[in-house]
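# requesting a structural model of the entry that follows:
(one chain, ligands or ions: 1)
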Amino acid sequence: MFGMIEGTGFEVIDPSFGDCLIGHARVERLWTGARWSEGPVWFAAGRYLLWSDIPNNRLLRFDETDGSVSTFRQPSNNANGNTVDRQGRLVTCEHLSRRVTRTEHDGSLTVIADSFEGKRLNSPNDVVVHSDGSIWFTDPSYGILMDYEGDRAESEIGACHVYRVDPSGTIARMIEDYVKPNGLAFSPDETELYIADTGISHDPDGPRHIRRHRLDADGRLSGGEVFATCTEGLFDGFRFDRAGRIWSSAADGVHCLDASGALIGKILIPELVANVCFGGPKLNRLFICGTTSLYSVFLNVNGVSPIGGR
Ligand code: MG
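Numbering: from 1, shown residues only. A predicted model of the protein is given here:
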C-alpha cells in the first residue's frame, strides 16, 4: 500500500505547486473494486470518508482509523455527490430517485428537493451547503440518460440548472445557462461560487470549464465568467484549500489551479478521476475518487472544512 503505485506521480507546472507537496509523500491506492467512484465526503468526528459507487448502487465507507472499507448504504438510489452540513449530517444527491436527501442524526432520510415547479428533477449530481444553511445543487441529466447510473427517462424540466434550497425548504432556480452543471464549491470566504460545466461529455464542442459567480450578502449571484478550462478531459468535482487553490478532477488525475485559474500542477492518477475531497484530522490528506479505486495523498496544504471552524 505504501509503495509507489504505477502511473502515479506529480507534475509541477509552476514552482508554487512544489510548495503544496511533501517531498516523500506518495499517492496511495486505498481500495479498489468500484465501477464509478464519486462524491467523497469526510466526517471529521468519526474519522471516516464516505463515497459513492454509482453503478453498484452503494455508498462506501473508508475508516481512517484502521484502513478498512465497508458498505455504508446499499441500495443508495445510485447516489452521486455528497457533502456534510454544519450540523454534521450527510447530504446526498440520488440519481435513481432524482432527489437530494439529508441523513438525520437518527439515520432517517429527509427529502430536501425532488422537483421544481411541479416537475421532477433530472438527476442531482453534486451539492454544497452554505454556512447560512442553504443547500445548493446541480441537476444535469447524467442519471436519466442511461440505465447504468439510474433509470433512463425523459427530462421533465427539459434543461439542466442549478438550484438553491433555503433553510425553510423553498427551492429556487439560481442559474440556467449551463449545459451540464456538475461539481460546485464556494470560495473559502463564501463570496464566490464556482461551478463546473461538463457539457463536453455529450458534445465535442461543449464546455469543459469552471465558471465563477459572485455571491452577495443577500444571496444574489452575478458574474459567471469562465475561470478555467480543463486541458485533459473535464472538470467534474473539485474542492478548495484554505489558500484559495482549487483541486479538481480531470482525465489524467487531479489538477491544481491557483486563484487566477492557472494550472500550476497535477497529481497523476492512472484512472480517470471524478472527484476529490480533503480529509484527515488536519484536512491535509486529499482523497481521490478514480473510477474503480479510492486513492489518497498527504499534501502540504489544508482543505476548507465544510462544517466550519479551522
Ligand atoms: Mg459530478
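# for the closest residue to residue 265 other than its chain neighbours, give me its contacts.
Spatial nearest neighbour of residue 265, excluding adjacent residues (C-beta to C-beta, 6 or more residues apart in numbering): residue 17 at 2.9 Å. Every residue, glycine included, has its C-beta placed from N, CA and C. Shown in contact with residue 17 (C-beta atoms under 8 Å, 6 or more residues apart in numbering): 10, 256, 264, 265.
# now do 7 Å
Going by C-beta atoms under 7 Å, 6 or more residues apart in numbering, residue 17 touches 256, 264, 265.
# ok so the first one is a strand residue?
Right, residue 256. Yes - residue state for residue 256 (DSSP: H, G, I helix; E, B strand; the rest coil) corresponds to a strand.
# and the nearest residue in space to it that is not next to it in sequence, what are its bridge partners?
The shortest distance from residue 256 to any non-neighbouring residue, by C-beta to C-beta, 6+ apart, is to residue 265 (4.8 Å). Residue 265 forms beta bridges with residue 12, residue 256, as assigned by DSSP bridges.
# these two touch, right, residue 265 and residue 254?
No - assessed by C-beta atoms under 7 Å, residue 265 is found out of contact with residue 254, at 9.0 Å.
# between the two, which one's more packed in?
Just comparing residue 265 and residue 254: by other C-beta atoms under 10 Å the higher neighbour count belongs to residue 254, 26 against 22.
# can you give me the neighbour number for the nearest residue to the more buried one once chain neighbours are set aside?
Excluding the flanking residues, the one nearest residue 254 by C-beta to C-beta, 6+ apart is residue 267, at 4.1 Å. Residue 267 has 26 neighbouring residues, counting by other C-beta under 10 Å.
# so residue 267 touches residue 252, yeah?
No - at 9.4 Å, residue 267 and residue 252 do not qualify as touching, with contact defined as C-beta under 7 Å.
# related to what we said a few turns ago, dump the contacts of residue 17 to CSV, plus pLDDT and distance to residue 120.
Output for the contacts of residue 17, formatted as CSV (pLDDT from 0 to 100; distance: C-beta to C-beta, whole Å):
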residue, pLDDT, distance to residue 120
256, 98, 37
264, 98, 41
265, 98, 41
